[in-house]
Each structure stands twice: as C-alpha cells, then as structure tokens.
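[1] could you look at this predicted model? Sequence included:
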Amino acid sequence: MSTAVRRALYGKLAGDGQLTALLGAAPAGLTHAIYHAVAPEGAAFPYVILNQQSEIPTYTFQQAEPLYRDELWLVKGVDHNLNSDVADAIRKRLDELLIDGTISISSAVQLYLRLDSGMAYTETDGGEIYRHNGGVYRLMYCAT
Amino acid sequence: MAVSPRVLKDAYVEVNGTAISQYCSAATIESPFDELDVTTFGGNYRQFAQGLGDATITITTFPDTTQVIDNIFWPLSQSGGTFTIKVRASSAAASTLNWNYSMTGALYNYNPISGAVGEAMSTDIPVRNAGTAGLTRGTT
C-alpha cells in the first residue's frame, strides 16, 4: 500500500496552493517541488521531501490482510537559506495540511493522521547552509 | 523428526453461536486447579492433590465501527446470562490435531471502550466458566 499512500500524500501536498507557493520551481517534467525520498540533482530550493519511515501491520485471526496499518511518514521542507523562515513556513503549512487532514488513499479508509514528532535542524555542506523543518506523521488506515 | 511449531494466525473464536475470529488478535485459555496441601506427618516431601478447577478464556478484540463486538458482549455482560464460547487453533474442522476447546461462560468484567488517543481501540474480554462441565476439549 505504500505506493497508494505516497500518492495520496503527494496529492494532498501538491493540491495546496499555499504550500506550493512556498516552494521553488520544479525541474522539467515535474509539476511541483515535492519529491519522494530524495530531490533530483540540481533541484531548486526550497522543496518538500516525503518518505516512509515504518509500517506496522496489525492482524486478526483468519485475515491475510491486516486489520489496519500504522505507518510513519517523514515530510519536511528543505531550504538553502541563511535563515529558517521559509523552512519554518513550510513546516507550519505541512502541519495544517496533515494534522487531522484527509488524504485520499486508493482502496483504503483513513483512520488517523497526526504529527508524531517534529524536527528542525540545520545542515552545512561545503560552507553552504541548508534548513530542514518538518515532522514524522503517523497514519493509520485499513483496506476497503 | 523435526518439530514444526504452530504459528497462530488462523484461530477460530465463536461466541454465543457467532464466529468473531476476524475481530480477534489473541486468545488464551487458562485451566488452573487449586493445589491442595495434603502433606501428612512422617513425610519428607510436601504432597499436593488437585482441588477444584477453574477456567477462563480471554480474547483480545478490535471493536469496529459497526459495533459487532459490542452488540454481542454488552447484552451478555449486563444480563449475566451464560453462553457458549469455542476456540480452536485453526479454523479447520475440529479434530484430534485441532482440538475444540469449549465451555459455558459468563462475563463479569467487560470493558466496551479501552484505549487512548491515537490507538486502535482494543479490548481484552475474559470469559469465566459458568458451567458444571468446565472447560472441555473435543472434536465437535
């Protein structure tokens, strides 16, 4: 189901004008600066990264399909900037969209979506400063 | 001969004539007996004899939004009425390789809501013995 969830999360983020207005230009062939796991080389800042951190299925007797899945997804903004203002603004919008937000997962019913833990940190590389701000969001859902 | 452990994934749980396996993630059958101390003078070891038996079948359930679990257990818990509970390690027909454990039970501690924010609601339901036959093991 991770493909369906990834697409649902992407759809939720890409469909929000407030969030996409904060992001840099997408590279040729893509519509938004929202990437799965890793940004393409040379991607313009700022952008959003999302990737699955864990998936825990809960089973009941006689059912090969889990009763529900409990997943953690990292979703964060990344900016190349001397200050954290834009990364912070992206994070604020991510919370607004994902805490109790509704995503459309193919062939599944969403049960729960909230922030599990937040994060904000700075990375330096070759003297350049990169700001990360986002969270690990907990999603629970069951197949229909 | 190699021993193949049994992995519980297809257990059968039936309460009051309704199969509820798909709502259950765990089942435990307990059948303790009182240990009666019958030690007499002159012996070097303490001796015990079997006393009265007891039986409890505890199932872990996930109540769903259709209230199937609560609609079964709430009336039983409030009335104090007895009912039959059956548990097998597999949903296959009961046999000498898949014993059916059965008893007439009653509920004395049913929690219709149990959980915390962000958790899937899950309730352990202990069914206590309420019949003279106690827990039985059979193929029917």
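    Yep, that arrived.

[2] ok, stretch A:109-120 near chain B or not?
    Yes. Applying Cβ under 8 Å from any Cβ of the partner chain, one finds stretch A:109-120 touching chain B at A:Leu111, A:Tyr112, A:Arg114. All C-beta atoms are positioned from the backbone trio N, CA, C, and that covers glycine.

[3] so, low pLDDT: which residues of chain A?
    For chain A, the stretches with pLDDT under 70 are A:1.

[4] where does it get nearest to chain B, residue-wise?
    Distance from chain B to each residue of chain A (Cβ to the nearest Cβ) is smallest for A:Phe61, at 4.1 Å.

[5] secondary structure element holding that residue?
    Assigned by DSSP states H and E, A:Phe61 falls within no helix or strand.

[6] test my guess that it contacts B:Ser21.
    Yes. Assessed by Cβ atoms under 8 Å, A:Phe61 is found in contact with B:Ser21 at 4.1 Å.

[7] any shared contact partners between the two?
    Counting by Cβ atoms under 8 Å, 6 or more residues apart in numbering or on different chains, the residues touching both A:Phe61 and B:Ser21 are B:Ala11, B:Tyr12, B:Val13, B:Ser91.

[8] and the spatially closest residue to the first one that is not a sequence neighbour, how many neighbours does it have?
    Going back to what we said before, that points to B:Ala11. Distances taken as Cβ to Cβ, 6 or more residues apart in numbering or on different chains put A:Phe61 closest to B:Ala11, at 4.4 Å, once the chain neighbours are dropped. Residues within reach of A:Phe61, counting by other Cβ atoms under 10 Å in any protein chain shown, total 24.

[9] in three-state terms, label the closest residue to A:Glu55 other than its chain neighbours for me.
    Distance criterion Cβ to Cβ, 6+ apart; nearest residue to A:Glu55, sequence neighbours excluded, is A:Glu71 at 4.7 Å. The local conformation at A:Glu71, judged by DSSP: H, G, I helix; E, B strand; the rest coil, is strand.

[10] my guess is A:Glu71 meets A:Arg138, correct?
    Yes. Here A:Glu71 reaches A:Arg138: they are 7.3 Å apart, a contact under Cβ under 8 Å.

[11] excluding its backbone neighbours, what's nearest the residue nearest the centre of chain A?
    Most central in chain A under Cα atoms, centre = their mean is A:Val75, positioned 3.0 Å from the mean C-alpha point. Leaving aside its sequence neighbours, A:Val75 sits nearest to A:Leu50 (Cβ to Cβ, 6+ apart; 4.6 Å).

[12] which residues does the residue nearest to A:Glu55 bridge with?
    Applying DSSP bridges to A:Glu71 gives these bridge partners: A:Glu55, A:Leu139.

[13] as a check, name the ranges of all helices in chain B.
    Along chain B, counting by DSSP state H, helices occupy B:68-79.

[14] give me the below-cutoff pLDDT ranges for it.
    In chain B, no residues with pLDDT under 70.

[15] so which residue is dead centre in it?
    Closest-to-mean residue, chain B, Cα atoms, centre = their mean: B:Ile57 / 1.5 Å.

[16] export stretch A:59-76 as CSV, just CAs?
    Taking C-alpha atoms only, stretch A:59-76 is exported to CSV below (Å, rounded to 0.1, in the frame of the first residue of the first chain):
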residue,chain,number,x,y,z
TYR,A,59,-3.5,-8.7,12.0
THR,A,60,-6.5,-10.6,13.3
PHE,A,61,-7.3,-14.3,13.1
GLN,A,62,-8.0,-15.7,9.6
GLN,A,63,-7.3,-12.5,7.8
ALA,A,64,-4.3,-12.2,5.4
GLU,A,65,-5.0,-8.5,5.0
PRO,A,66,-4.0,-6.6,8.1
LEU,A,67,-6.9,-5.1,10.2
TYR,A,68,-5.1,-1.8,9.8
ARG,A,69,-1.7,-0.5,9.1
ASP,A,70,0.2,2.0,11.3
GLU,A,71,2.7,4.0,9.3
LEU,A,72,5.2,6.8,9.9
TRP,A,73,6.0,9.2,7.1
LEU,A,74,8.7,11.8,7.2
VAL,A,75,7.5,15.0,5.5
LYS,A,76,9.8,18.0,5.6
